[in-house]
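Peer 1: My questions are about this predicted structure, shown below with the sequence.
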Amino acid sequence: VKMSLRASDISSSKEQESSIEDSKEVNETSQLSSVHSGGEESSERESSSVAEGARNSSGDNKVSPSDMSSHSNPHTKRVQIRDSSVHDPDRPKMPAFKSSFDETKKAKIQVSWKNITIKAPPKGGLCKKVPEDAEPFTILDNLSGTVKPGQSLAIIGASGAGKTTFLNYLSGRDPSKNLDKEGTITINGVDRSKLDFGKYSAYVQQDDVLYQTMTVKECLMFAAKMRLPPGTDHEERVQTLLESLKLEKAADTKIGGPLVKGVSGGERKRTSIGVELITDPNLIFLDEPTTGLDSFTAQDFFENVLSALAASGRTIITTIHQPNSEIYENFDQLMLMAGGKTLYLNDASKAVDYFASIGEKCPERTNPADFFMNMMSIEALDEPDLEDEEELKKTRTMIEGDYKRKIGFLADRYESSELRCDEDSVHPEARALGGDREEDVQYTPGWGKQFWLLLMRNFKNLIRLPIASYGKVISYIFISILILLVWGHLDNDQQSIQSRTGVLFIVSTMIIMFNVQGVILVFPDERPVFIREHSGKMYSTTIYYLSKILSEIPLLFINATLFSVVLYWAVGLNTDSFGRFLVFWSYTMLLMWAAMGMGFAGGVLVSDKNVAVGMIPVIIIPLMLLSGFFVDQDNILPVLTPFEYISLFKWSLQVYAYNEYEGLKLTCSPDCDPLGDFDFSESKVASICVTAGLGLAFYILGYILLHVVAKVKA
């Protein structure tokens with residue numbers, strides 16, 4: 001404590017006394033080093049206080065590299081001398097982070113890969129054959145290495161280096177079926193293909209794929225109920241994760257998204273990891289986890305989450321684009337990739353000295369990650385400003401050749417160096433996996449439990465999502481009132497026929513448009529969540545799809561009832577009998593259901609809302625034109641006739657027209673026959689049956705497409 005106070009006094013000294021303070025700080029460093037060497041007699045709390053004091057003292061007082069190098073005591077490396085923007089080659093590392101995760105009780109995981117090579121076959125241009133002498137493009141070139149329990153590997157590489165392809169292939173996510181792949185991947189010495197790899201690993205995607213309407217705790221609780229076996233205390237497990245990930249204050253806050261306010265980016269990222277940690281995996285893959293986070297949040301994430309996970313005995317493998325110097329200090333193992341080759345794979349602390357020994361010296365007080373990125377990037381090579389296109393092309397070819405030779409040189413030097421990672425080395429705690437041990441058996445809930453949990457989550461999502469719940473209700477009421485204001489209460493004279501037909505067409509169009517658009521704009525947000533959870537074997541495609549459809553029924557009933565009650569009698573539609581209203585109301589529900597089926601089929605195919613918005617009129621308008629309202633059906637081109645029979649506009653207009661004009665007493669002179677003017681070739685019952693059949697066909701098509709998407713993405 002005294003030493004901490006002395007360090008704080010040094011921090012508050014004036015700048016004009018900096019030379020005296022520097023010598024004091026060096027003496028302080030020596031004293032702290034002696035305290036560290038006698039750590040057996042000091043408590044852990046005292047050691048952390050001393051380290052914290054040293055960190056505080058470094059805010060305004062820096063020790064020069066020459067001063068640091070004059071002290072050979074290796075324990076001086078334990079003192080934090082911090083500069084947030086640059087890296088000093090002699091600057092000591094941060095004190096080890098105290099893990100907030102319990103030591104793992106499961107088998108510890110060692111991942112090894114040997115001679116991994118992935119190539120893309122050559123492709124020809126449009127209407128061109130592939131040249132016979134064309135060579136495949138090498139994405140990954142003979143990669144070998146290993147990551148042991150308790151280690152955290154950070155993979156850094158320029159764009160196009162192959163790091164994401166490597167991470168996906170290493171994690172069991174096949175990058176593409178069309179790529180040629182060679183090499184072996186073993187888990188604790190066992191070939192990965194012989195194991196159910198998903199039992200032991202977790203994959204955190206670059207984007208935080210979560211329901212925006214669910215709270216942090218609800219996301220974790222859903223994962224716990226889906227993935228933990230019976231008898232497990234779900235509440236205790238979730239609470240432990242909330243505390244470990246420092247999410248207690250955000251536990252009851254929604255995740256948030258475009259339509260719902262929610263947690264911060266860092267809290268959302270920690271929730272994504274918590275969902276994967278619910279089964280306590282010992283191997284965790286992360287694809288650029290700092291994407292979308294500010295520098296402070298990203299640094300906090302590496303210090304307080306990833307370092308803690310590794311300290312608890314888990315194996316962490318992550319890609320990261322360009323970390324700052326503070327994040328770089330938290331790296332345990334470092335892998336540098338360029339051109340699909342490994343340029344370095346070993347302790348991050350040895351990387352700067354290694355590259356200096358082969359002629360690539362990192363300037364003092366420079367972030368090593370920035371230096372490595374510049375070293376590995378082809379853009380760093382100078383390209384002269386030439387106007388001659390031919391000369392410029394030759395210059396680019398020369399630069400590409402120089403870059404390939406440089407990367408080849410660095411890769412060859414690594415392969416022949418003493419720091420080359422030995423992929424054949426074995427960690428003593430990496431025991432063989434597989435068998436009937438409880439930890440090796442993955443729990444999958446029954447269909448009934450899957451259906452109930454998914455149904456309840458879908459209900460919550462619908463209620464909390466404005467565009468899918470009360471937004472729809474308000475829209476239907478608004479359209480009903482708008483129709484009443486425009487058409488008023490209809491009379492029973494000959495002039496009312498055109499108005500009645502117009503009302504029926506607007507009703508049909510509005511119902512189809514609202515329901516297709518409502519699903520096709522919402523489902524793309526849920527699609528990534530389904531793919532992630534289905535890949536994790538939480539539930540089957542069939543159960544998910546059925547629960548999704550059935551969860552829409554209550555809201556569909558409410559919308560159809562409100563719309564029909566507000567509109568039917570106010571506008572003055574056929575009141576020949578109460579049965580007319582019942583047919584109108586029940587068919588409106590059927591039409592809403594069928595239109596949602598069309599929306600599901602389209603929403604499954606589209607992953608981008610912007611594409612979905614442009615796709616809606618392309619699908620709707622042709623079907624609307626073929627409904628028979630704008631053009632006589634006998635005048636439709638034969639080639640377009642098949643599309644007429646899959647148009648919900650055609651069948652809904654026929655049903656509404658039959659229901660409206662049958663039994664309606666009109667005062668016409670002479671007598672008028674609206675149904676005769678329409679000259680429908682199908683009956684009302686047939687039209688209702690076709691509507692139901694089309695809806696069922698749309699849902700079946702959506703299911704088939706969803707099954708294909710799930711299989712491809714898995």
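Peer 2: Received the coordinates, thanks.
Peer 1: And stretch 568-586, how far out from the chain middle?
Peer 2: 48 Å (C-alpha atoms, centre = their mean, to the nearest Å).
Peer 1: what's next to that stretch, contact-wise?
Peer 2: 480, 483-484, 487-491, 500, 503, 560-561, 564, 567, 655-656, 659-665 (C-beta atoms under 8 Å, 6 or more residues apart in numbering). C-beta coordinates here come from the backbone N, C-alpha and C atoms, glycine included.
Peer 1: Could you tell me the average pLDDT over that stretch, please?
Peer 2: Mean per-residue pLDDT for stretch 568-586: 90.
Peer 1: What is the end-to-end distance of it?
Peer 2: Counting by C-alpha to C-alpha, to the nearest Å, you get 13 Å between the two ends of stretch 568-586.
Peer 1: same question, stretch 328-335
Peer 2: Per C-alpha to C-alpha, stretch 328-335 runs 12 Å from first to last residue.
Peer 1: Next: stretch 535-554.
Peer 2: So stretch 535-554: terminal residues 29 Å apart, C-alpha to C-alpha.
Peer 1: From the chain's centroid, how far away is it?
Peer 2: On C-alpha atoms, centre = their mean, the centre of stretch 535-554 falls 19 Å from that of its chain.
Peer 1: What subset of the contacts of stretch 568-586 is buried?
Peer 2: Of the members of the contacts of stretch 568-586, the ones counted as buried by neighbours, 16 or more other C-beta atoms under 10 Å, are 480, 483-484, 487, 490, 500, 503, 560, 564, 567, 655-656, 659-661, 664.
Peer 1: ok, the residues you listed vs D608, which is closest?
Peer 2: A560 (30.4 Å; C-beta to C-beta).
Peer 1: before we move on, which element is I700 in?
Peer 2: Using DSSP states H and E, I700 sits within helix 684-713.
Peer 1: so how far is that helix from its chain's centroid?
Peer 2: Helix 684-713 has its C-alpha centroid displaced from the chain centroid by 28 Å (C-alpha atoms, centre = their mean).
Peer 1: just checking, what packs against it?
Peer 2: helix 496-535, helix 541-551, helix 578-605, helix 648-661 (3 or more C-beta pairs under 8 Å, 6 or more residues apart in numbering; DSSP states H and E).
Peer 1: Direction-wise, compare that helix with helix 578-605 and give the angle.
Peer 2: Relative orientation of helix 684-713 versus helix 578-605 (axes from the mean of the first three to the mean of the last three C-alpha atoms, to 10 degrees): 20 degrees.
Peer 1: what does the average pLDDT come to for helix 684-713?
Peer 2: 92.
Peer 1: swap in stretch 148-167?
Peer 2: 89.
Peer 1: tell me the pLDDT at the closest residue to L648 other than its chain neighbours?
Peer 2: Nearest residue to L648 in three dimensions, chain neighbours excluded: I512, at 5.4 Å (C-beta to C-beta, 6 or more residues apart in numbering). For I512, the pLDDT comes out at 92.
Peer 1: again, but for the one 3 residues further on
Peer 2: pLDDT, N515: 90.
Peer 1: what about the nearest residue to it once chain neighbours are set aside, distance to Y699?
Peer 2: Among residues not flanking N515 along the chain, A595 sits closest, at 3.6 Å (C-beta to C-beta, 6+ apart). To Y699, A595 is 11 Å away according to C-beta to C-beta, to the nearest Å.
Peer 1: the more surrounded of these two?
Peer 2: Using other C-beta atoms under 10 Å as the criterion, A595 and Y699 rank with A595 on top: 27 against 20.
Peer 1: Low-confidence ranges, this protein, go.
Peer 2: 1-105, 124-130, 132-133, 175, 380-394, 434-442, 628, 633, 669-670, 713-714 (pLDDT under 70).
Peer 1: So what does the most centrally placed residue in it look like in phi/psi?
Peer 2: The residue lying closest to the centre of the chain (C-alpha atoms, centre = their mean) is D207, at 3.3 Å. Phi and psi for D207, reported as degrees, to the nearest 10, are phi -90, psi 140.
Peer 1: right, and it touches T291 too?
Peer 2: Yes: between D207 and T291 there is a contact under C-beta atoms under 8 Å: 7.5 Å.
Peer 1: How many neighbouring residues does the closest residue in space to V522 that isn't next to it in sequence have?
Peer 2: Spatial nearest neighbour of V522, excluding adjacent residues (C-beta to C-beta, 6+ apart): A468 at 5.5 Å. A468 has 20 neighbours, counted by other C-beta under 10 Å.
Peer 1: Many thanks, I have nothing further to ask.
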